[in-house]
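S.K.: here is a sequence with its predicted model. Questions after.
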Amino acid sequence: MKPRRLTLSASLMLLTFGVTAFSQQPQFTVCKSTYALCTKARCTPIPGKSEVSCTCDVRTGYSLGAHPCEDVKQTSEGQTLKSRYYPVTSYARCSNDRPWAYCLDAPCVISNKDKDKTKPKAACLCSLVQKQGDYVVTADTYTKLTCTTGIVSSATVTQIDQATDFLETQDALPPFDFKVLNVQRK
């Protein structure tokens, strides 16, 4: 069996379009910009809200999203940008009811508190979701805690497949062959 390629932005896109994204082929766009990459982000609940704050890397280059790229904007909150997806090389497939963060196209603010200015971070406001089916956790290795600890930025396996299928048609950002780190048996 040939390995599929992975794209997390599709997973993140489901929240933008709601549950109907499972029955419709989502629309994506690939473009070049500065964006927040939340693929491996850890997130913190916001009391009283169905959103979480995720700490994401700031990157420049090609990425995938449900909406066209936007320039970084200067606002009263600071420099703002959107979270977008860049293909990953490995992930764990999780089948539990643990909540996770959907960050595709989420609004973000670049942090001025970073001591290492060569690796800027952004705080992104992502939706908290749960019970959407199997989801992925981007990681380099798998342990028994990968699918059970903390709130992470994620997407469903269906969303990953949709994004991967789209990226296979794009020259600017082709998906990588990816490895599933764990085998889920039902």
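M.R.: Sure thing, it's come through. Numbers count the residues shown, from 1 in each chain.
S.K.: where does this protein have low pLDDT?
M.R.: Under the criterion pLDDT under 70, the flagged ranges of the chain are 1-25, 113-117, 183-186.
S.K.: distance between the ends of stretch 63-77?
M.R.: From its first residue to its last, stretch 63-77 covers 24 Å (CA to CA, to the nearest Å).
S.K.: in it, what's buried?
M.R.: Ser63, Leu64, Gly65, Ala66, Cys69, Glu70, Val72 (16 or more other CB atoms under 10 Å). The C-beta positions use only the backbone N, C-alpha and C, and glycine is treated the same way.
S.K.: got phi/psi on the third one?
M.R.: Taking degrees, to the nearest 10, you get phi -160, psi 180 for the backbone angles of Gly65.
S.K.: for the chain, which residue occupies the most central location?
M.R.: The residue lying closest to the centre of the chain (CA atoms, centre = their mean) is Thr39, at 4.4 Å.
S.K.: for it, grab phi and psi.
M.R.: With angles defined as degrees, to the nearest 10, Thr39 sits at phi -50, psi -40.
S.K.: isn't it up against Val137?
M.R.: No: if you go by CB atoms under 8 Å, Thr39 and Val137 don't touch, sitting 9.9 Å apart.
S.K.: who touches both of these two?
M.R.: Common contacts of Thr39 and Val137 (CB atoms under 8 Å, 6 or more residues apart in numbering): none found.
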